[in-house]
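> Could you work out the structure for the sequence below:
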Amino acid sequence: MTHPIIIGLTGSIGMGKSTVANMFEKHGVPVFDADAEVRKMQGQGGELVPAIEAAFSGSTNENGVNREALGAQVFGDKAALARLEAIVHPAVAARRAEFLIEHGNAPMIVFDIPLLFEKGGHEAVDKIVVVSAPAPVQRERVLAREGMTPEKFAQILAIQTPDEEKRERADNVIDTGLQLTETEALVAQLIEELRNIT
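Below is the predicted model of the structure:
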């Protein structure tokens with residue numbers, strides 16, 4: 001049995017990756033959203049809550065992980081971040097493996113992974129699709145988010161692989177600086193091309 005083509009979907013903050021992931025889903029392609037899985041596992045009654053509380057005391061409450069409290073303990077501390085990742089990443093990998101089995105008969109599936117290059121996930125996919133928009137568009141989108149500041153934006157960009165490098169390493173680039181209908185046409189065209197090689 002041939003396995004589905006695994007598309008690694010990534011893009012820097014504010015590039016419209018979630019929008020493009022939704023377009024893939026709309027066209028019938030199963031999407032594994034790593035961030036959504038983490039939120040579920042860290043939410044109320046989530047399987048990772050006890051381990052995170054044990055490692056980072058006071059970072060959870062009755063609703064699960066308190067992202068602000070956890071962020072305060074982890075942000076800017078590489079050792080603390082590594083401890084958190086050692087809890088979260090294996091659990092996400094297990095969920096991803098289950099998803100792959102569940103959708104083993106699909107012609108293609110999407111792994112929506114924000115830090116695809118940064119964490120080495122690009123080695124486990126067949127095609128890399130990078131979502132990109134011009135820098136001024138990205139900046140405007142990100143700074144419109146609640147609680148976002150130019151300083152926070154700069155810190156996030158500093159830990160992400162630069163957009164230009166992502167585009168160079170991609171098999172395909174989806175431009176989200178266009179009208180939504182134009183971006184969706186690019187997604188549909190890519191799906192069609194990939195269907196023809198499965």
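> Run a quick neighbour tally on the residue lying closest to residue 191 once chain neighbours are set aside.
Leaving aside its sequence neighbours, residue 191 sits nearest to residue 27 (CB to CB, 6 or more residues apart in numbering; 5.3 Å). Just so you know, the C-beta spots here come from the backbone N, C-alpha and C atoms, and that holds for glycine as well. Counted with other CB atoms under 10 Å, residues neighbouring residue 27 total 13.
> Same question for residue 37.
For residue 37, the number of neighbouring residues by other CB under 10 Å comes to 18.
> Pull the contacting residues for it.
With contacts taken as CB atoms under 8 Å, 6 or more residues apart in numbering, residue 37 has the following neighbours: 92, 95-96.
> Show me what the helix or strand containing residue 184 is packed against.
Residue 184 belongs to helix 180-195 when assigned by DSSP states H and E. For helix 180-195, the elements it packs on are helix 17-26, strand 108-112, strand 172-175, judged by 3 or more CB pairs under 8 Å, 6 or more residues apart in numbering; DSSP states H and E.
> how about the strands in this structure?
Here the chain has its strands, by DSSP state E, at 5-10, 31-33, 60-61, 64-65, 108-112, 127-132, 172-175.
> list the helices and strands the last one packs on?
Contact partners of strand 172-175 among helices and strands, from 3+ CB pairs under 8 Å, 6+ apart: strand 127-132, helix 180-195.
> out of the helices and strands packed on helix 180-195, nearest to residue 144?
Between residue 144 and these, the tightest spacing by CB to CB is seen for helix 17-26, at 14.4 Å.
> Show me what that closest one is packed up against.
Using 3+ CB pairs under 8 Å, 6+ apart, helix 17-26 sits against strand 5-10, strand 31-33, strand 108-112, strand 127-132, helix 180-195.
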